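Chemist: predicted model follows, preceded by the sequence.
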Amino acid sequence: MNAIPTVILNDGAWFPELGLGTYNLRGEEGIEAIVAAIEFGYRLIDTAVNYENEREVGEAVRRSGVDRDKLLVTSKIPGRHHGRQEAIDSIKGSLDVLGLKRIDLHLIHWPNPSVGRYLETWRGMIDARDQGLVRSIGVSNFTEDQLTELIEETGVAPAVNQVELHPYFPQEALRAFHRTHGIRTESWSPLARRSELLTEQIIQELATVHDVTPTQVVLRWHTQLGSTPIPKSADPDRQRENADVFGFTLTDEQVAAISALERGRLWDGDPRTHEEM
Ligand SMILES: NC(=O)C1=CN([C@@H]2O[C@H](COP(=O)(O)OP(=O)(O)OC[C@H]3O[C@@H](n4cnc5c(N)ncnc54)[C@H](OP(=O)(O)O)[C@@H]3O)[C@@H](O)[C@H]2O)C=CC1
Ligand SMILES: O=C(O)C(=O)[C@@H](O)[C@H](O)C(=O)CO
């Protein structure tokens, strides 16, 4: 298997082109699944306070035996912790539960615009970075307008915006905005949560053409768009399959044909209206 390549974020930190989602990976089985992924070469592990599995992620990092500096752990501030001091307290809480000295990338999980505290929260994230509690800071589910506000008010652009992105929802305009501002795109639900996406004719055809699996076609599409997908799998064979996508290249036409599957979000996760606490 080819190693997972890395890119450099706008703050100079390294960042893998593919990582592991951990939503619903909990308990001893969850720890074992995450350790297995690290053994296959995953270096980016995505968690959140609201996944209630930061303990498992921290334990997997320790158990893996891989040098801490070669692993990148992401966690996220939930809506109920919005606010400048609340953000710092939330990060300290995450560090405690993870049992780690540093979080590599911390995100505001959802902007929750009706609460109106994401800008204050962003100021707290900047403080936390300056205090060395986290290495990189970013956001999740932020729109262009919200990103613009953060940048104009603080002069600090998020390193990453983790958003819903898959062939049914390719987010072309938002990705272009990210490119202009040096923000790395990260794709959540990159496999569209194993919906009928994997049986779409174009995906099946390209899998045959490249002698890979449908999942690998989809994940390669993400990386060629310049986004970091974080597929979740509890199964070691599927984890290995998902990470092994750097040995073939889709043509520009093939990338465009996959993007043409666009039809919209998986569920009603529009961050202008959907809020999570
Ligand atoms: N910031 C945010 O608001 C959000 C962030 N996320 C993050 O993104 C991650 C990934 O998104 P998620 O919603 O989990 O969905 P994914 O698109 O990653 O799909 C996960 C599903 O696909 C299955 N699967 C994985 N690999 C394969 C494969 N090779 N072949 C067939 N089926 C496969 C998994 O099953 P199995 O485990 O059995 O393999 C699981 O049912 C989350 O885990 C979380 O970390 C997700 C949603 C919102
Ligand atoms: O997985 C995440 O990070 C989420 O934010 C989820 O809560 C997601 O919004 C979801 O699964 C809702 O059904």
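Modeler: Sure thing, it's come through. Ligands and ions are numbered 1, 2, ... in the order given.
Chemist: in three-state terms, label the nearest residue to V209 once chain neighbours are set aside for me.
Modeler: Closest residue to V209 apart from its sequence neighbours, by CB to CB, 6 or more residues apart in numbering: Q254 at 8.0 Å. C-betas here are computed from N, CA, C, even on glycine. Look at Q254: counting by DSSP: H, G, I helix; E, B strand; the rest coil, its state is helix.
Chemist: does whichever residue of the chain sits closest to ligand 2 belong to a helix, a strand or coil?
Modeler: In the chain, no residue comes nearer to ligand 2 than Y23, which is 4.4 Å away by CB to the nearest ligand atom. For Y23, the assignment made with three-state DSSP gives coil.
Chemist: hang on, it packs against P231?
Modeler: No. Between Y23 and P231 there is no contact under CB atoms under 8 Å: 10.8 Å.
Chemist: get me the contact residues on the stretch 101-250 of the chain for ligand 1.
Modeler: Taking CB under 6 Å from any ligand atom as the criterion, the stretch 101-250 of the chain approaches ligand 1 at residues 109, 140-141, 162, 188-194, 215, 230-235, 238, 241-242.
Chemist: which among those residues count as buried?
Modeler: Buried subset of these (neighbour count, 16 or more other CB atoms under 10 Å): 109, 140-141, 162, 188-192, 215, 230-234, 238, 241-242.
Chemist: filter those down to the ones near ligand 2?
Modeler: Within those, nothing lies near ligand 2 by CB under 6 Å from any ligand atom.
Chemist: narrow these to those in strands?
Modeler: 140, 162, 188 (DSSP state E).
Chemist: now these as TSV including distance to L133 and pLDDT?
Modeler: Listed next are those as TSV, based on distance: CB to CB, whole Å; pLDDT from 0 to 100:
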residue	distance to L133	pLDDT
S140	18	98
Q162	19	99
W188	24	98
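Chemist: for T223, see how far away the closest residue to ligand 1 within the stretch 1-150 of the chain is.
Modeler: Closest approach between the stretch 1-150 of the chain and ligand 1, counting by CB to the nearest ligand atom: G21, at 2.3 Å. Look at G21 and T223: by CB to CB, to the nearest Å, they are 15 Å apart.
Chemist: how about A13?
Modeler: 18 Å.
Chemist: so for the two, which sits in the more crowded spot?
Modeler: Neighbours around A13 and T223, counted as other CB atoms under 10 Å, are more numerous at T223. The numbers are 21 against 17.
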